[in-house]
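S.K.: One predicted model, sequence on top.
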Amino acid sequence: MSTFLQAKSLSKLFPDGLGVKSTDLTIQPGQVTAIIGASGSGKSTLLRLMYGLLSPDAGEVRFKGEKVWGPEVKLIPGHDSMKMVTQDNDDLNLFAKVWDNVASLMPNTNVREKEDRSEKVLKQLNMLHLANHRITDLSGGERQRVAIARALITHPEVLLLDEPFNQVDTSFRDGLQEDIRQIVKDTGLTVIMVSHDPAEVLSMADMLLVLKEGEIIESGHPKKVYNDPKHLYTAQLLTNCNVFNREQAELCGIHAHKQYVMLYPEWAETTSSWSRKIWTVKKVLFKGFYEELLLENNGVLLRVLNGQAEKYIEGDKVNVKIGRYLEY
């Protein structure tokens, strides 16, 4: 039995040295796979290679055992069983209605099927109430929903999303993420997405791939990758973590054996006990239902989460208890 979607020894390097280097990758069907990495790490290049928009320098992509051909072979680039949505929405007809933008992707051979399918997709993405609105009158988030509806109406087996929520408001983004997750659950759609936002990948993805300088350096379920990152690079991608050298770690009561110590803000907690009040509250950052405290001790800054609002003010002296840390 052939693998669903697979890359073997895939390479594509550009004159500036950026791109993808000898990558092996297997995508599981019916899941959301997220690719993260620093700017220039090759995320979008990898996505375009998987879709067939780019031709590799070496290696190949196979979908259900058959080779995915690039633009040097295929007149209209992109695999027929896949669809890609970017943050640009360039293919939307701005002065046409939402319904027409979506329905136009279906042939007129069966008008009833065309109408039923258009209505179903717009319902799935909570867009039916906007069917008669022009694209030019929609918000960025609504336009992105239309772009995804256009991609889904032709029943692709794989949906590729390149920074799909980049220009979408936070409140709108959460709803769109939930809708995509539900579509995956209901239909078995396979989604591969590129993102720079940790909140997106941690809440949406079944599988996380971490890309650094064109190579996949680790992969796994988001919860596992977050709680036990193999590389400091990964931890720094996923959150604003604390990173110390061995000397700085000593001020936190950590006797490190390796070069660096990393701890997430939630792995440390403040205590008002009388002993060792050596940390000074430099800033109190309001985050809604919690606060982020920026503490200082001999020039070393430590970020700590505080669930008790207004417990501390700037200038307070506190003790810190470290629950967990990782060394690199």
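M.R.: Ah, there it is.
S.K.: Every contact and neighbour count from this point should use C-alpha atoms.
M.R.: Fine.
S.K.: Next, the buried residues of stretch 268-283.
M.R.: Buried residues in stretch 268-283, counted by 16 or more other C-alpha atoms under 10 Å: A268, E269, T270, K277, W279, T280, V281, K282, K283.
S.K.: check contacts around the first one.
M.R.: Okay, so that is A268. Shown in contact with A268 (C-alpha atoms under 8 Å, 6 or more residues apart in numbering): V304, L305, V320, K321, I322, G323, R324.
S.K.: could those go into TSV alongside pLDDT?
M.R.: Below are the contacts of A268 laid out as TSV (pLDDT from 0 to 100):
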residue	pLDDT
V304	97
L305	96
V320	94
K321	93
I322	95
G323	95
R324	97
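S.K.: Show me where the stretch 1-150 of the chain has its strands.
M.R.: 5-13, 19-27, 32-37, 58-63, 66-67, 82-85 (DSSP state E, counting those that start in this stretch).
S.K.: Could you dump those into JSON lines with distance to Y312, mean pLDDT and mean neighbour count added?
M.R.: As requested, those are exported to JSON lines (distance: least, C-alpha to C-alpha, whole Å; pLDDT from 0 to 100; neighbours: other C-alpha atoms under 10 Å):
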{"stretch": "strand 5-13", "distance to Y312": "51", "mean pLDDT": "98", "mean neighbour count": "20"}
{"stretch": "strand 19-27", "distance to Y312": "47", "mean pLDDT": "97", "mean neighbour count": "18"}
{"stretch": "strand 32-37", "distance to Y312": "36", "mean pLDDT": "97", "mean neighbour count": "25"}
{"stretch": "strand 58-63", "distance to Y312": "55", "mean pLDDT": "98", "mean neighbour count": "19"}
{"stretch": "strand 66-67", "distance to Y312": "60", "mean pLDDT": "96", "mean neighbour count": "14"}
{"stretch": "strand 82-85", "distance to Y312": "46", "mean pLDDT": "96", "mean neighbour count": "22"}
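S.K.: The ones you listed: which one's closest to I180?
M.R.: strand 32-37 (9.2 Å; C-alpha to C-alpha).
S.K.: now the angle between strand 19-27 and that closest one, please.
M.R.: The directions of strand 32-37 and strand 19-27 differ by 160 degrees, with axes from the mean of the first three to the mean of the last three C-alpha atoms, to 10 degrees as the criterion.
S.K.: Need the contact partners of strand 32-37.
M.R.: Under C-alpha under 8 Å, 6+ apart, the answer for strand 32-37 is 27, 43, 181, 184, 190-196, 201, 204-212, 237.
S.K.: picking that back up, export the contacts of A268 as TSV, with columns for neighbour count and distance to K223.
M.R.: Shown next, in TSV, are the contacts of A268 (neighbours: other C-alpha atoms under 10 Å; distance: C-alpha to C-alpha, whole Å):
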residue	neighbour count	distance to K223
V304	24	20
L305	20	19
V320	20	26
K321	13	24
I322	16	21
G323	10	18
R324	12	16
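S.K.: Take those residues and write them to CSV, including distance to I76.
M.R.: Shown next, in CSV, are the contacts of A268 (distance: C-alpha to C-alpha, whole Å):
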residue, distance to I76
V304, 52
L305, 51
V320, 60
K321, 59
I322, 56
G323, 55
R324, 52
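S.K.: biggest separation within these, which pair?
M.R.: L305 and R324 (13.8 Å).
S.K.: The stretch 201-328 of the chain: helices as residue ranges?
M.R.: Assigned by DSSP state H, counting those that start in this stretch, the helices in the stretch 201-328 of the chain fall at 222-227, 232-238, 246-250.
S.K.: Quick one: distance of the first one to the chain centre.
M.R.: Going back to what we said before, that points to helix 222-227. 13 Å (C-alpha atoms, centre = their mean, to the nearest Å).
S.K.: Just the pLDDT for the closest residue to E72 other than its chain neighbours.
M.R.: By the measure of C-alpha to C-alpha, 6 or more residues apart in numbering, the closest residue to E72 outside its immediate chain neighbours is S55, 7.1 Å from it. The model reports S55 with a pLDDT of 96.
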